[in-house]
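Participant: Please work out how this folds:
(4 chains, ligands or ions: 4)
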Amino acid sequence: MTDPKPPSRSNRPALALHVPEPAYRPGDAPDFSSIMVPAAGAAPRPDVAAKAELTHPLCTDLVRVLDNQGKAVGPWDPKLDPDTLRKMLKYMKTVRTFDDRMYRAQRQGKTSFYMKCTGEEAIAVAAATAMDPEDIHFPTYRQQGLLVARGYPLVEMMNQIYSNKGDRLQGRQLPIMYSDKKHGFFSISGNLGTQYPQAVGWAMASAIKGDSRIAMGWIGDGATAEGDFHSALTFAAVYQAPVILAVVNNQWAISSFSGLAGAEQATFASRAVGYGIAGLRVDGNDALAVYAATRWAADRARSNNGPTLIEYFTYRAEGHSTSDDPTGYRPAGEPQAWPLGDPIARLKAHLVGLDEWDDDRDLALDKQLDATVRAAQKEAEKNGILPQQGFDDIPSMFEDVYAEVPWHIAEQREQAMAEAREYLGREPS
Amino acid sequence: MTDPKPPSRSNRPALALHVPEPAYRPGDAPDFSSIMVPAAGAAPRPDVAAKAELTHPLCTDLVRVLDNQGKAVGPWDPKLDPDTLRKMLKYMKTVRTFDDRMYRAQRQGKTSFYMKCTGEEAIAVAAATAMDPEDIHFPTYRQQGLLVARGYPLVEMMNQIYSNKGDRLQGRQLPIMYSDKKHGFFSISGNLGTQYPQAVGWAMASAIKGDSRIAMGWIGDGATAEGDFHSALTFAAVYQAPVILAVVNNQWAISSFSGLAGAEQATFASRAVGYGIAGLRVDGNDALAVYAATRWAADRARSNNGPTLIEYFTYRAEGHSTSDDPTGYRPAGEPQAWPLGDPIARLKAHLVGLDEWDDDRDLALDKQLDATVRAAQKEAEKNGILPQQGFDDIPSMFEDVYAEVPWHIAEQREQAMAEAREYLGREPS
Amino acid sequence: MSATKTTGRNMIQAINDAHRVMMERDPDIVVFGEDVGYFGGVFRATEGLQKQFGKTRAFDAPISEGGIIGTAVGMAAYGLKPVVEIQFADYIYPGYDQIVSEVAKMRYRTAGEWTMPMVIRSPYGGGIFGGQTHSQSPEALFTHIAGLKTVIPSNPYDAKGLLIAAIEDPDPVIFFEPKRIYNGPFDGHHDRPVTPWAKHPSSAVPDGHYTVPLGKAAIVRAGEALTVLTYGTMVHVALAAVEENGIDAEVIDLRTLVPLDIEAIEQSVKKTGRCLIVQEATRTSGFGAELSALVQERCFYHLEAPVVRVAGWDTPYPHAYEWVYFPGPIRLKNALKKVLEA
Amino acid sequence: MSATKTTGRNMIQAINDAHRVMMERDPDIVVFGEDVGYFGGVFRATEGLQKQFGKTRAFDAPISEGGIIGTAVGMAAYGLKPVVEIQFADYIYPGYDQIVSEVAKMRYRTAGEWTMPMVIRSPYGGGIFGGQTHSQSPEALFTHIAGLKTVIPSNPYDAKGLLIAAIEDPDPVIFFEPKRIYNGPFDGHHDRPVTPWAKHPSSAVPDGHYTVPLGKAAIVRAGEALTVLTYGTMVHVALAAVEENGIDAEVIDLRTLVPLDIEAIEQSVKKTGRCLIVQEATRTSGFGAELSALVQERCFYHLEAPVVRVAGWDTPYPHAYEWVYFPGPIRLKNALKKVLEA
Ligand SMILES: Cc1ncc(C[n+]2csc(CCOP(=O)(O)OP(=O)(O)O)c2C)c(N)n1
Ligand SMILES: Cc1ncc(C[n+]2csc(CCOP(=O)(O)OP(=O)(O)O)c2C)c(N)n1
Ligand SMILES: [Mg+2]
Ligand SMILES: [Mg+2]
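Facilitator: Numbers count the residues shown, from 1 in each chain, chains lettered A, B, ... in the order given. Ligands and ions are numbered 1, 2, ... in the order given. Below is the predicted model:
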């Protein structure tokens, strides 16, 4: 029983709990008219060494470079050469093609799980392009574009997804939980948010050593609610760590809209204000804006001017993962109605406008990428798919718990081998 | 070994870690000239139903009511009647007298531990006065003023400090970790920060039930770095909970100055901006400013206008606790140099200026309070002091782990009783 | 109870119904967690509750397990009864401080003035190819904490009855739901077709209110040759192994780990003289260790063979090697033999 | 080692010296935590390090145990070797997720590509009137987590040698320092005067570098009548109880709980046929349960009596009842008798 309410206050108005609710639910017509979309080119660009305060108006603004005609405008235009633009386009298309095939592979029972980043391809690809190859990323599961743009082989990604013999992670991790030191891509964690203070710690280490490499940490809008988000911002601010902290605000966290993480009250970029660090809010479907903002923050960090929080504003165009069906909680047709458009189409239009691209080349590229991804898949499947895994090289699963296998794990390894022998009716390979 | 630095970046400038350091250390002359002290009465007072943004300029300002002459000025003057002012003065003096005696009691070996709040008395006393008696506080260990101002008996406080027979918490808690439901004072936790989301949860519950009571959560500047701080702000913002979240910024966390919690980059009140909730920064040594700001936030919460983050800016005039000696890490004489003065002296000056108080009455009050506290101490000590405790009512220590004592704890109780019998050479009382 | 109408329910439906029954009876119950409101939870355990009871009694929470437990503490302090969901047991750690330092100790540190009647539900355990972070069985991290009760149901009937008992209990309860058996029992043979609950008698779940008391084990198979102590998914794996190997084992489903039904355990082991303990969790310092220590302390002179533990290995749960990790039929068979032949 | 100069040191001084020796040898070691920089820690274990090694190698941290561990993970990923202090073991829980989900599993989940060579030091245990939140012994919450090593020294010599070994170890080590014995050994008689370390041979701590290997127990007293397995503060309490009661016990100081020196344990118990396990932590699901299970599994046919556990009670650590809670001389004596007379 609740304690009885004190009678003396009964003339007070009744309190009421506000439970955030997205404006539209399944059955409603999708409607984004409440979303503020400032004109491209309008946001000012402070100096990279500017006081953090000078960036704070940008936390409620939106840095945009590509206008509706695909023209690059305003002070944030990074003025990239056409080759770089074409490379970004290719990587973005590669990611989308890869996502589609791997999604299908999961549906075909070739693996247990997959997650796409449809509609968000510009973010990871342009950020990777803006950073130095020696810089490190502490990603979440929706930044496969970082690996693609850094040249990590598609076959390696697929081997991991299939947990097969070629999997560098030896079948130990859930699909898409990549890790590759050589490409500056830190091991993805299943636990949301943990990577954020880790990125700050890496950046602190780089500063302690007088190195010049910086770090970038990634998090989703939903996961910003975790305590680790606050640890990261606090340590980054206190030690002025050379780190970029990115929030990919795709407006959904499984079935929960971003209002459950506080988006009704403030933008995610605004969190920067409270810590007194630089903050930017960026059109995440605009590859040039993403590039320019990331580069600005990288230059700022690298010149000992401190950390930056960047919100990339975007929309999760598909389900959360292969385990999710978004029609259960949001209107059908929203991806199409989303006002910031498709990042691939926007970058293509820009290149076409520059006379550096055309439909034929576009089609040819699509074909080529389809072939590349298929070829990689064939190659990866030579190493096996998930359902065939799990009884080869059993000793490997007892390694790397510690640098050396202690007695108790060695005993368990013996037992597991004996069990496998019995199960398989042969010596496990 | 660290990974070798990539040579390609060797022409970059070396990164450097910023490690915050207070401006002055032992041996230095204390100096607070860098502290901004705006004129009393200058800060504007928004409507309690104002949009949160309108309060944000106040997050870097300082709400002050009492000027250097002790006159109450400006829109935040709460215009309290002299009786209320005298009551606050009496409570603040009570707290200081109590602190002094209990500190001494610890030094005399009568208990294990004590913590004073010297210089911060205005904060808890004026906040308690501004809230309704039915509202609840989720305090830290430096809000003894809440209990005093709400009329909790000093003897009860002392019984808890001595862990004696009269201790309502049955000797289970460290001294000063009070708890009293009747006085709306939630159980103090040894673990920093945990109470902050709890306050929000209580407020959410009150709103769920359509009650009119609100909650106030308390935290120190140092503890704002904990993840629980972020949980509290996030949940408060998301559900617009009727809660006041107070940061008592006394600039020190044991030996660490507030720069280690981010104060070099932003005020603690500024955190409100990032969550889009109301925020106020208040002179914590000005009882009238504390009263006015707290009352404003209470009225705001109670009228369903959402939560407020209040930073009370003050200075921890003494050591962290009886286990701490601050001369090891900060200059001697700082308390005297602190520009916002002594909260008791300032309130006294105000009352004298109003002709509602004078030195004779002040001296008489001091005498009376000294007698009151001594009498309470004598009374409490009748119930015993800590070194005499620990073998009376042994069964009680096995109660309240669960509502009912399960078999395994019952067995342990038997064993403990047998041990006590053996140790005491008699039946334990 | 025999007169009550029953409905065929799987574990999810039974758990869902427990919520509904209790929310109808007690207006102070609030249900929240990540995705539990509009959508009804990623496993759909809270489906329909928001619709029936409104947004302020069943709602979505920010992705902050610490905030979920922390606010639940405040709600319990107010007088509500929070029943919260942690989406996967593997994600309970950000809330661990609030659970260990606050929830577990509140009654004690306030001498009973503030109590924490709440239930923290979480899907748990492996066998669904969830990899390292959707497969863990962390019960031992809670059984070590005085002030918490830990409950793990193994079938729909118990799940509903235990959850209702947990909600009515005056103490905080950690309620771990073995997700591998949400939709059907599991005999440990991963390479055989899945059986739905419909074919299992415990899926006849009474409508309305009933309880399965906390702290009481169930003898799910009587026998003389040895005693098997287990809980959750492993109850079914153990039963299957016992039958397949034609062993006259007494299989005890503990249901509640703390407080433990020590009487049932002692009585059985004193009768059989042999004991096998089966847990899915990582072996070292698992709850099986406590069971082994207790059995040995209390039944030493009746034991004809060492008490044996079957458990998951001391590694993280490896995605592709799920069925090498999982304590399956072969591990069980060998352990049964070891206990019987010693 | 015998040629090395030794200096009389208490445990704090020994631990401080281990830091200094290693920071001089390895520029990649960084030390941080709450109050550890300028001030040198509330127990002064890191005193002087900032002065000697500069602000970027020994520094204060925000009050965020999650942030301390989380940033340490990033530093270790970079290639540094963080040695961090958690001010009290009771406050380690906000960092528990980072420890369990990240630190412990990193080598495994990256197949050895990223490793976590770090030491997490923390003052631990009771006996100093610290109440519920400055007295806990949470080792079992770490021994259950594969990937972590857990070390608990019992004297200055071991503290320095084990800490150096922990810093040099390629795996993450939880290093709990029994704060009750920072300044002197403790025989369990709270009502007798305190002895300083100076009178104890283990306070002759060699200067410079030496290690006490992880995973190796010490037989601190050889004997035939029974084996006492213990660690930390309880080593001294157990030794005193054994002597006071004139029992010819073999007392083993485990020093490392994971990986455990199982050989030393087996050898001793097989010799004595009797075993007493002594921990200060809360009894249920404590590390003593694992020890009991292991001894029973491996020495069953040598056991002449049940393995007995002595432990703290299953309650929070109550301030005024510290000496009723603490497993002191009387509890030890009765348990020794029980094991011997069974
Ligand atoms: C600590 C933790 N809690 C809960 C989960 C379950 N979970 C996985 S993804 C997800 C939603 C995350 O949303 P967001 O951060 O917005 O990222 P997005 O999926 O949109 O990229 C949740 C709740 C988890 N993985 N870890
Ligand atoms: C979780 C946790 N970490 C560390 C501590 C140890 N500790 C106790 S008080 C304190 C300093 C707190 O400073 P602040 O929050 O500024 O409060 P103040 O003492 O100034 O009132 C610390 C680090 C603790 N009690 N709990
Ligand atoms: Mg999202
Ligand atoms: Mg402070």
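
Participant: C:Arg107 contacts C:Ala146, correct?
Facilitator: No. With contacts counted by CB atoms under 8 Å, C:Arg107 stays clear of C:Ala146, the gap being 10.6 Å. Bear in mind the C-beta positions are built from the backbone N, C-alpha and C, glycine included.

Participant: which residues sit in contact with residue 73?
Facilitator: As the question left the chain open, I've gone with chain A. By CB atoms under 8 Å, 6 or more residues apart in numbering or on different chains, the residues touching A:Val73 are A:40-41, A:65-67.

Participant: Chain C is the one I meant
Facilitator: By CB under 8 Å, 6+ apart, C:Val73 lies in contact with B:194, B:197-198, B:201, C:98, C:102-103, C:106, C:116, C:118.

Participant: what are the phi and psi angles of it?
Facilitator: Backbone dihedrals for C:Val73, given as degrees, to the nearest 10, come out at phi -60, psi -50.

Participant: circling back: near chain C too, which of the contacts of A:Val73?
Facilitator: For chain C, no contacts are drawn from the contacts of A:Val73 by CB under 8 Å from any CB of the partner chain.

Participant: Farthest pair within those residues?
Facilitator: Greatest spacing in these, by CB to CB: A:Gly41 and A:Leu66 (9.2 Å).

Participant: Among those two, which residue is more densely surrounded?
Facilitator: Neighbour totals were compared for A:Gly41 and A:Leu66, and A:Leu66 leads with 28 against 18 (other CB atoms under 10 Å in any protein chain shown).

Participant: on that earlier part again, mind picking the two most distant members of the contacts of C:Val73?
Facilitator: B:Thr194 and C:Met118 (15.0 Å).

Participant: Residue 301: what secondary structure?
Facilitator: Chain wasn't specified; assuming chain A. Per DSSP: H, G, I helix; E, B strand; the rest coil, the local secondary structure of A:Ala301 is helix.

Participant: Tell me the spacing between C:Val235 and C:Pro185.
Facilitator: The gap separating C:Val235 from C:Pro185 is 8 Å, by CB to CB, to the nearest Å.

Participant: And those two? Which one has more around it.
Facilitator: C:Val235 (29 against 24).

Participant: Which strand or helix spans the more buried one?
Facilitator: C:Val235 belongs to helix C:233-244 when elements are defined using DSSP states H and E.

Participant: Now the helix or strand just after that helix: buried residues?
Facilitator: Following helix C:233-244 in sequence order, the next helix or strand is strand C:249-253 (DSSP H and E). For strand C:249-253, a neighbour-count test (16 or more other CB atoms under 10 Å in any protein chain shown) marks C:249-253 as buried.

Participant: cool, stretch C:252-264 as well?
Facilitator: For stretch C:252-264, a neighbour-count test (16+ other CB under 10 Å) marks C:252-262, C:264 as buried.

Participant: for the record, mean pLDDT for that stretch?
Facilitator: Average pLDDT, stretch C:252-264: 98.

Participant: tally of neighbours for residue 14?
Facilitator: In the absence of a named chain, chain A is used. Neighbours around A:Ala14, by other CB under 10 Å: 12.

Participant: um, chain C though
Facilitator: Neighbour number of C:Ala14 under other CB under 10 Å is 28.

Participant: before we move on, what about A:Gln336?
Facilitator: Neighbour count for A:Gln336, taken as other CB under 10 Å: 9.

Participant: what residue ranges in the chain score low on pLDDT?
Facilitator: Using chain A. Within chain A, the stretches with pLDDT under 70 are A:1-10.

Participant: should've been chain C
Facilitator: C:1-3.
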